[in-house]
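Student: Give me a 3D structure for the following:
(3 chains)
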Amino acid sequence: MGVDLSDLVSEIKRDLNLAEVRGKKVGIDAYNAIYQFLAAIRQYDGTPLMNRQGKVTSHLNGVFYRTVNLLEEGIIPIYVFDGKPPELKAQELENRRKMKEEAEKKLEKAKESGKVEEMRKYSQMTSRLTTDMAKESKELLEYMGVPTVQAPSEGEAEAAYLNAKGITYASASQDYDSLLFGAEKLIRNLTISGKRKLPNKDVYVEVKPELIETASLLKKLEITREQLIDIAILVGTDYNPDGVRGIGPKKAYKLIKTYKKIENIDKRELPEPIYFDYEKIRELFLKPQVTLPSTPLELSDPDPSKIIQFLVNENDFNEERVRGTIERLQKAMKEIKDIKRQTGLDQWF
DNA sequence: CTCTGTTA
DNA sequence: TAACAGAGG
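Tutor: Numbering: from 1, shown residues only, chains lettered A, B, ... in the order given. Below is the predicted model:
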């Protein structure tokens, strides 16, 4: 999912020192983050964490510990949740639904034959982020004192808007769409632990946070954001998942460098005609549906008893562990207050 | 993904 | 102190 611009971005991306983000707000694409938790926080055979009623709790586990880790680094996470997807996304969403159905079938087969490796692989692929899960994640963050933002439409677009408006320092997501939506800075791999499992393997590799600045990218490529969007459309976005077959990032870049925009491209240069409405897709990236938050996005004091009630009593988390993490949370919040005092950015109340 | 206890 | 295995709910 998302646009694959890794080939174009590889030259200008750089390692991010987390100290650079101390005391600053970072918009987090909540869907992107929670989905990763759902896929990754599982037992060896792929069973997700669940409470006694059998409801999945992997997302709560991920949100809770990741958020405290970020706050301990002095980073203020602003989770941005998806609203209603644009109609043009229907095809992509349908594709994802089909993929999950396929994975579910394969999972059944793997279960029948008891192949544990495959069970885990296909379980991950069946991960579904429900509206309940999004609601529960927001609820937990509220008790933790961490603000959230409800996007009218695409969360990624809203997060990019907050960044463009200077409300956040950067936008964090694994997808490159943020760049198309107008984010100034994109952080990928915003994690503290630095370990990530390789797809389909039981091997862990070091992953470091990296920073991509839109201005550097456009300068390096000598193009405009509109042209970057055209490149993405040729390659394929969530609004035209197939793109133009046979055109990858490198070829798309050459075409746009030569012809400036999609409508100018010589038809003989394309392996197949363009059948999608590229003007409408462009519009979705250039003028996405976004909103200015009605209240300032500031941290507030955590409510330990509500966190305990929710995680321990309702979702069967280990009380000792949760209490320990709440202490870390409170300490981290105090330190952030100090950073703000020192840097004169105090907007606590 | 992240935490904790164990091992070298 | 760092690397690893196993568990978390």
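
Student: ok, residue A:81 touching residue A:149?
Tutor: Yes: with contact defined as C-beta atoms under 8 Å, residue A:81 counts as touching residue A:149 (6.9 Å). (Each C-beta comes from the backbone N, C-alpha and C, glycine too.)

Student: Setting the sequence-adjacent residues aside, check what's closest to residue A:306.
Tutor: Among residues not flanking residue A:306 along the chain, residue A:143 sits closest, at 4.1 Å (C-beta to C-beta, 6 or more residues apart in numbering).

Student: where does the one you found land in three-state SS?
Tutor: At residue A:143 the chain is in helix, as set by DSSP: H, G, I helix; E, B strand; the rest coil.

Student: That one: what's it in contact with?
Tutor: A:302, A:303, A:306, A:307, A:310 (C-beta atoms under 8 Å, 6 or more residues apart in numbering).

Student: what's the burial count for the third one?
Tutor: Neighbour count of residue A:306, defined by other C-beta atoms under 10 Å: 14.

Student: quick one: what helix or strand has it in it?
Tutor: helix A:304-308 (DSSP states H and E).

Student: Please name every helix or strand in contact with that helix.
Tutor: helix A:131-144, helix A:319-343 (3 or more C-beta pairs under 8 Å, 6 or more residues apart in numbering; DSSP states H and E).

Student: Determine whether the claim that residue A:26 is in a strand is correct.
Tutor: Yes: counting by three-state DSSP, residue A:26 is part of a strand.

Student: so it makes contact with residue A:74?
Tutor: No: using C-beta under 8 Å, residue A:26 is not in contact with residue A:74, being 10.8 Å away.

Student: Who has more neighbours out of those two?
Tutor: Set side by side, residue A:26 and residue A:74 show more neighbours around residue A:26, with 22 against 18, by other C-beta under 10 Å.

Student: any idea how far that one lies from residue A:300?
Tutor: 18 Å (C-beta to C-beta, to the nearest Å).

Student: Next: residue A:309.
Tutor: To residue A:300, residue A:309 is 18 Å away according to C-beta to C-beta.

Student: What is the burial count for the residue of the stretch 51-200 of chain A found nearest DNA strand C?
Tutor: Residue nearest to DNA strand C within the stretch 51-200 of chain A: residue A:57 (3.6 Å; C-beta to the nearest atom of the strand). For residue A:57, the count of nearby residues is 20 (other C-beta under 10 Å).

Student: Contact partners for it?
Tutor: A:48, A:49, A:50, A:51, A:315, A:316, A:317.

Student: Was I right to think the second one contacts residue A:38?
Tutor: When you say that, I think you mean residue A:49. No: Residue A:49 lies out of contact with residue A:38 (C-beta under 8 Å); the separation is 9.9 Å.

Student: Pull up the overlap in contacts between these two.
Tutor: A:56, A:58.

Student: now the helices for the stretch 51-200 of chain A?
Tutor: Remark: helices of the stretch 51-200 of chain A, listed N- to C-terminal, are A:58-72, A:90-113, A:116-125, A:131-144, A:155-164, A:177-181; assignment by DSSP state H, counting those that start in this stretch.

Student: now the ones you listed in a markdown table, with mean pLDDT?
Tutor: Output for the helices of the stretch 51-200 of chain A, formatted as a markdown table (pLDDT from 0 to 100):
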| stretch | mean pLDDT |
| --- | --- |
| helix A:58-72 | 98 |
| helix A:90-113 | 97 |
| helix A:116-125 | 95 |
| helix A:131-144 | 98 |
| helix A:155-164 | 98 |
| helix A:177-181 | 98 |
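
Student: for chain A, which spans come out with low pLDDT?
Tutor: In the predicted model of chain A, residues A:194-204, A:345-349 satisfy pLDDT under 70.

Student: Quick check: residues of it near DNA strand B?
Tutor: Proximity of chain A to DNA strand B is confined to A:36-37, A:40-42, A:61-62, A:65-66, A:68-69, A:191-193, A:195-197, A:204, A:207, A:321, A:324-325 under the rule C-beta under 7 Å from any atom of the strand.

Student: same for DNA strand C: which of these are within range?
Tutor: Answer for the residues of chain A next to DNA strand B near DNA strand C (C-beta under 7 Å from any atom of the strand): A:41, A:42, A:61, A:65, A:321.

Student: Got a ChimeraX select line for the buried ones in the residues you listed?
Tutor: Filtering those down to the buried ones (16 or more other C-beta atoms under 10 Å) takes a single ChimeraX command:
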select /A:41,42,61,65
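
Student: which non-adjacent residue is nearest residue A:259?
Tutor: Nearest non-adjacent residue to residue A:259 (C-beta to C-beta, 6+ apart): residue A:265, at 4.6 Å.

Student: From what I see, that neighbour and residue A:255 are in contact.
Tutor: Yes: using C-beta under 8 Å, residue A:265 is in contact with residue A:255, at 5.5 Å.

Student: Would you check that residue A:228 makes contact with residue A:215?
Tutor: No: between residue A:228 and residue A:215 there is no contact under C-beta under 8 Å: 11.6 Å.

Student: Compare neighbour counts for these two and give me the winner.
Tutor: Using other C-beta under 10 Å as the criterion, residue A:228 and residue A:215 rank with residue A:228 on top: 24 against 11.

Student: ok, back up a step: hmm, which of the contacts of residue A:143 are the buried ones?
Tutor: For the contacts of residue A:143, buried by 16+ other C-beta under 10 Å: A:302, A:307, A:310.

Student: got these as JSON lines, with distance to residue A:219 columns?
Tutor: Shown next, in JSON lines, are the buried ones among the contacts of residue A:143 (distance: C-beta to C-beta, whole Å):
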{"residue": "A:302", "distance to residue A:219": "42"}
{"residue": "A:307", "distance to residue A:219": "45"}
{"residue": "A:310", "distance to residue A:219": "47"}
